Structure formats: structure tokens, C-alpha cells
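[1] Structure of the sequence below:
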Amino acid sequence: MPVPVPRQRAIPAVESGQAQGTPTAGGPSKDDTHAKDVTHTNLTLLLIEDDPGGSTVLPELLDRSGRPIRVRAARNLTEAERLLTDDVHCILLDLALPAPGQGEGDDELAVLKHVLELAPRHAVLALTASEDAERGAEAVRVGAQDYLLRDELDGRLLSRAIRYAVERKRSDSAERRLAEGRVRAQENRRLERGLLPTPLLEGSSLRFAARYRPGRSRALLGGDFYDVVRTADGTVHAMIGDVCGHGPDEAALGVELRIAWRALTLAGLCGDELLGTLQQVLEHERADDEIFATLCTVDIAPDGRRAGLCLAGHPSPLLARPGRAARLLPYDNNGPALGLLPGARWPRMQVELGPEWSLMLYTDGLIEGRVGAGRERLGQDGMVSMVRRQLSEGLRGEELLRAAVTEVRELNGGELTDDVAVLLLDRAG
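    Model (predicted):
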């Protein structure tokens, strides 16, 4: 809504481009250091009008605390651009002023649009003739905070209009930044969800479940990564890994390693050859030579009874079978983490699974959480005991993983600081 104002004619003190207190072209003065803080600094108005000293007469303007509002004057947009420093809070623009390069019959709001592009962070009041209120209203629709009628300028209400325009602009800017932040957050979430794996198990009788909790606050993706694919010969390949660190760079590297693993696996590589190639990928893509990644891979035979196991500095999987206590698979031949030793080798161990089993792969975030208020950590033995108890309670699949991660968090006394990834493969009898 425009502000209705009765007529008053009082002439203010108007600053020219070189007046005292006005920044020169070299930059703002010391008095302008905190100019953006409207609460502690006098408001400054920039009047852009063809002849500000002759035709437009402004009344005395006061801010909310009664301090005078400073006024600067510019006769054209070139001069306005020079005077438009960060300590200007509001622009009063004469809509009759021609825009650069504007010809007869062009857009009547071209000058306003030019100023809005020139000063996107400043509040703008449009000044127009009394008989042209419709043009003022259109100016508000285009982007001005309000419009005023030239021959109805009153000091009190004009001052209020300036304060209102400044506060509205600040509110609009804050709302826009909030909306842009929400859009970026939504895009990041969609991107991170898209980077999580979709298991390729078509044709397999194995059941799959996974849980993933990044250590970074408000993140969906951390440095942990996993994947499961079935190749044409019926072999099911599973992998889980952990890039050291928890930031976005580590998350990106984890995604690169996962995608590389999938491509190499589908191309027929496995065991030492596959891990050696992954180490080359890591060495090429990492941002620092100190970055490394642990990895566990298993390839389950088409009959589901046997598997090959390769460990690169990673905790050994847990195997659970009916009538037997859950236990960790052997890790005596554990090779080094990827990225630590050039020319390293990773032996492939053969493991007997049996006709019915559950195989759980996990990252160290599951076992490194604290137990209570002391310094003791859960560890692999504590995790094995916990999973044994949960299996005895009849928990399976997704329900088992959910219970395991929840209990680890509770034992830690709150959110875990490290990423946690857990996947489970089940074969029914």
C-alpha cells in the first residue's frame, strides 16, 4: 500500500557527491563502517531526480529514534552509481527520469528496472506525479518497496515510509536467503540420495538390508560407502568401505570408489586385481596423500554356500548361522588400507557359509562408539555379543540392523561422531 501523505514544504540539508560524511570514490569513510546496522546508524537516503535542488522539495526526515535521516542527491544514474555506497539504506527514485538509452515509447519503468539491477540490496521508493498513481502501483509490482506522490510529501509519513521500505527490504532479503537455503538443502539431499547405491540383485535369492548414518550434522552422505551387485554368472558381490574423515570431500571420494568398484566388478575383476585398481583410483582422486580408505569385499558363489573374502585394513564381517553362535570371519590375512602402501597385495580367503546364514558387513563407526560415560569403547567383541543377543530375540534383516544401530547410539550416550554403514545379506535354508 502507498503511504498517503499531506502536503508540506520544508527543505532538508542535501549532501552532494563530495559533501562531508559522504564516501568518495576511493571507498567508505570510517563513519560508514557499521552503516548496514540500521539500529546503530543514521539512515541515509539517496534521492535520484533530474533536478533535486529545484523541483523536488523534501521535508525534514527523522529516523525512529529522532535522529535526522541523511539525504544525498543525484541528478542522473551515472551520478547515483557513484554515490550508491554500502551506507545508503534507501533510494527515492523519480520515475520520470529517463533510463540510459531509453527512447520515446520505451518501457515507462525502465529507469526503475535499471536501478533495481544496479542496487539489488537497497530499498527503493518510487516517486511519481499525483495523477500517475497507477504507474506507482506498477512500480511496486516490479520491485519497489512503495511509491510516493510528488506533491504530497510530509516529513513524518515520508520518514515512516523510508523506515518501512528499509525494514521490508531487509525482511524480503532474509526471506529470499532462507528460501534459497531451503532450495539448496533440498537439492543437496536429492543429490546425496541419488549417490546412495541401488543394489543390483535381480535373480538372486539373497535378501538385502542396509542402514546408513553419516557423522556430519544434517548430512545424508558421509565417508562410508557400500554396494551389492550380482554378475551374469550368478555370483553376488558385496562391498563396504570407509574413507578416513567425515567431510564432503571424503563423501565424494567414497562415492567415486563405490562407482569404480561397481564398474570393475561388472567388468569381471575381483580380489587383488580389483583392489589394486581401486587403490590407483584413490591415489589419483584424493586431495591429500594422507587420505586412505579401508575396504571389505565378499564374492558369494552362485550356490550361496561359499564366499571369497578380501580385507583392506577393514573389520571382518560377522557370520550368523542357525544353531551356532555368531562369529567374526577370519582376518589373519588382512591387507593394508587402500592408499597406504604402493604395490600392496590383498589375499583372497575362501570362507564356507553353509546352506542358511546371515552375513553382516559394517564400518568401524559401529564398534568405536563409547560404552557409558567412560573411555571404554564397544569394540568388535561387544558388537558380537550384542548381535548374538538380538538374534536370540528373533530380530532379523532390517529390524536387526535398526536395533543394532539404535543400541550403539544409546550406549554412546547420544549421536555417534563417526559415520556408520551396515549391510546384511541373508540366505534362507
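[2] what's the neighbour count on residue 274?
    Taking other CB atoms under 10 Å as the criterion, the count of residues near residue 274 is 24. Just so you know, the C-beta spots here come from the backbone N, C-alpha and C atoms, and that holds for glycine as well.
[3] Measure how buried residue 377 is and give me the count.
    By other CB under 10 Å, neighbour count at residue 377 equals 15.
[4] Isn't it up against residue 365?
    No - using CB atoms under 8 Å, residue 377 is not in contact with residue 365; the gap is 11.3 Å.
[5] okay, and the common contacts of the two?
    When CB atoms under 8 Å, 6 or more residues apart in numbering defines a contact, no residue borders residue 377 and residue 365 alike.
[6] hang on, residue 317 packs against residue 363?
    No - with contact defined as CB under 8 Å, residue 317 does not reach residue 363; the gap is 11.4 Å.
[7] what about this structure, any weak spots by pLDDT?
    Within the chain, the segments meeting pLDDT under 70 span 1-41, 51-58, 101-106, 187-195, 216-220.
[8] For the stretch 101-250 of the chain, just list every one of the strands.
    Under the criterion DSSP state E, counting those that start in this stretch, the stretch 101-250 of the chain contains strands at 123-128, 146-149, 207-213, 224-230, 236-243.
[9] Just want the angle from the longest one to strand 224-230.
    So that's strand 236-243. 170 degrees (axes from the mean of the first three to the mean of the last three CA atoms, to 10 degrees).
[10] Tell me which other helices or strands strand 236-243 touches.
    Packing contacts for strand 236-243, counted by 3 or more CB pairs under 8 Å, 6 or more residues apart in numbering; DSSP states H and E, involve strand 224-230, helix 248-266, strand 293-300, strand 357-362, strand 420-427.
[11] show me the residues around the nearest residue to residue 162 once chain neighbours are set aside that make contact.
    Excluding its sequence neighbours, the residue lying closest to residue 162 (CB to CB, 6 or more residues apart in numbering) is residue 90, at 5.0 Å. For residue 90, the contacting residues are 43-46, 122-125, 162, 165-166, 169, by CB under 8 Å, 6+ apart.
[12] Repeat that for residue 118.
    Per CB under 8 Å, 6+ apart, neighbours of residue 118: 77, 80-81, 84.
[13] Which one of the residues you listed sits in the busiest neighbourhood?
    Among those, the one with the most neighbours (other CB under 10 Å) is residue 80, at 25 neighbours.
[14] A strand includes it, no?
    No - Residue 80 sits outside any strand when classified using DSSP: H, G, I helix; E, B strand; the rest coil, being helix.
[15] I'd say it and residue 47 touch.
    No - Residue 80 is not in contact with residue 47 according to CB under 8 Å; the separation is 9.0 Å.
[16] what residues do those two have in common as contacts?
    Counting by CB under 8 Å, 6+ apart, the residues touching both residue 80 and residue 47 are 74, 91.
[17] Send over stretch 297-315 as CSV, restricted to the C-alpha atoms.
    This file holds the C-alpha atoms of stretch 297-315, laid out as CSV (Å, rounded to 0.1, in the frame of the first residue of the first chain):
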residue,chain,number,x,y,z
THR,A,297,34.7,-57.2,-0.3
VAL,A,298,33.0,-60.6,-0.4
ASP,A,299,32.0,-62.6,-3.5
ILE,A,300,29.3,-65.2,-2.8
ALA,A,301,29.3,-68.2,-5.1
PRO,A,302,26.1,-68.8,-7.2
ASP,A,303,25.1,-71.8,-4.9
GLY,A,304,25.3,-69.4,-1.9
ARG,A,305,27.4,-71.8,0.2
ARG,A,306,30.9,-70.3,-0.2
ALA,A,307,32.4,-66.9,-0.4
GLY,A,308,35.7,-65.2,-1.1
LEU,A,309,36.8,-62.5,1.3
CYS,A,310,39.3,-59.7,0.9
LEU,A,311,40.1,-57.2,3.7
ALA,A,312,42.0,-54.0,3.2
GLY,A,313,42.5,-52.7,6.7
HIS,A,314,38.8,-53.2,7.4
PRO,A,315,37.0,-55.0,10.2
